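Engineer: The following block contains a protein sequence and its predicted model.
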Amino acid sequence: MRAASIGLAISGSLIALVFPFLLARQATALNQSILVLMMAGIAGAFVYGAGFRPGRKVLRRCISPYVTWPVMLASLGALLALR
């Protein structure tokens, strides 16, 4: 799951950096808010994929793939639907 998290995080960050016009044609407040959620999911996936294990259970659950993957995919879907 760690390798898949890294792969998903890399692909999500490449989409956000290289092809920003795919995500939104205009920068609106709604697009920017969804993009923040997507970047939070990407950051969590990078942290999980790197193997970091926080001491607190709440943080451990927040960076788990069960949270980060749906956040990334749902926000990407929302951005593409608003396009």
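Structural biologist: That came through, no problem. Being a predicted model, the structure only gives us computed values, none of them experimental. Numbers count the residues shown, from 1 in each chain.
Engineer: what's the closest non-adjacent residue to Ala78?
Structural biologist: Excluding its sequence neighbours, the residue lying closest to Ala78 (Cβ to Cβ, 6 or more residues apart in numbering) is Ile34, at 5.1 Å. For glycine as for every other residue, the C-beta is placed from the backbone atoms N, C-alpha and C.
Engineer: hang on, that neighbour packs against Ser75?
Structural biologist: Yes - counting by Cβ atoms under 8 Å, Ser75 is a contact partner of Ile34 at 5.0 Å.
Engineer: Count residues in the vicinity of the residue nearest to Ala78, would you?
Structural biologist: Neighbourhood size, Ile34 [other Cβ atoms under 10 Å]: 21.
Engineer: what residue ranges in the protein score low on pLDDT?
Structural biologist: Low-confidence regions of the chain, defined by pLDDT under 70, span residues 22-25.
Engineer: So which residues of it form helices?
Structural biologist: 2-18, 20-23, 29-50, 57-62, 65-82 (DSSP state H).
Engineer: what's the last one packed up against?
Structural biologist: This points to helix 65-82. In terms of contact count using 3 or more Cβ pairs under 8 Å, 6 or more residues apart in numbering; DSSP states H and E, helix 65-82 is assigned the packing partners helix 2-18, helix 20-23, helix 29-50.
Engineer: and with 6 Å instead?
Structural biologist: Identification of packing neighbours for helix 65-82 by 3 or more Cβ pairs under 6 Å, 6 or more residues apart in numbering; DSSP states H and E yields helix 29-50.
Engineer: What are the contacting residues of the helix it packs on?
Structural biologist: Outside helix 29-50, the residues that touch it by Cβ atoms under 6 Å, 6 or more residues apart in numbering are 2, 5-6, 8-9, 12-13, 24, 63, 68, 71-72, 75, 78-79.
Engineer: Give me the buried subset of these.
Structural biologist: 5-6, 8-9, 12-13, 24, 63, 68, 71-72, 75, 78-79 (16 or more other Cβ atoms under 10 Å).
Engineer: Okay then, goodbye and thanks.
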